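1. Here is my input; please provide its structure:
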Amino acid sequence: MYLHADLSIKERALARTAPTTVSARRDRPPGPVLAFLEAL
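-> Residues are numbered from 1 along each chain as shown. This next block holds a predicted model:
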């Protein structure tokens, strides 16, 4: 069953969360892994 939550409940839940301080970055696999994947 689905639970009904109005917008004010959602806003209160979001207000309780802390913003992340970690910057987004892309991880790059090591060279041998990339070479293997490109050879497939």
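2. All the strands of the chain, residue numbers only.
-> Using DSSP state E, the chain contains no strands.
3. Give the full set of residues in contact with the residue most central in space within it.
-> Nearest to the mean C-alpha position of the chain, by C-alpha atoms, centre = their mean, lies Ala24 at 9.2 Å. With contacts defined as C-beta atoms under 8 Å, 6 or more residues apart in numbering, Ala24 is in contact with no residue. To be clear about C-beta, it is placed using only N, CA and C from the backbone, and glycine gets the same treatment.
4. For it, give its distance to Ala13.
-> Distance of Ala24 to Ala13, given as C-beta to C-beta, to the nearest Å: 23 Å.
5. Give me the neighbour count for Asp6.
-> 7 (other C-beta atoms under 10 Å).
6. And it, what's its pLDDT?
-> For Asp6, the model assigns a pLDDT of 79.
7. cool, and Arg16?
-> At Arg16, the model reports a pLDDT of 89.
8. What of Leu40?
-> Reported pLDDT for Leu40: 91.
9. before we move on, what about Phe36?
-> In this model, Phe36 is scored at 91, pLDDT.
10. Leaving out chain neighbours, which residue sits closest to Leu34?
-> Distances taken as C-beta to C-beta, 6 or more residues apart in numbering place Arg28 nearest to Leu34, at 7.7 Å, with adjacent residues excluded.
11. Can you report how many residues neighbour the one you found?
-> For Arg28, the count of nearby residues is 8 (other C-beta under 10 Å).
12. swap in the one 10 residues further on?
-> Glu38: 7 surrounding residues under other C-beta under 10 Å.
13. could you show me where the helices are in the chain, in order?
-> Along the chain, counting by DSSP state H, helices occupy 7-16, 31-39.
14. measure stretch 18-37 end to end?
-> With C-alpha to C-alpha, to the nearest Å as the measure, stretch 18-37 spans 38 Å from end to end.
15. Equivalent analysis for stretch 19-35, please.
-> 37 Å.
16. hang on, the earlier thing: separation between the residue nearest to the centre of the chain and Pro30?
-> As judged by C-beta to C-beta, Ala24 and Pro30 stand 21 Å apart.
17. I'd like the distance between the residue nearest to Leu34 and Leu37.
-> Counting by C-beta to C-beta - Arg28 and Leu37 are separated by 12 Å.
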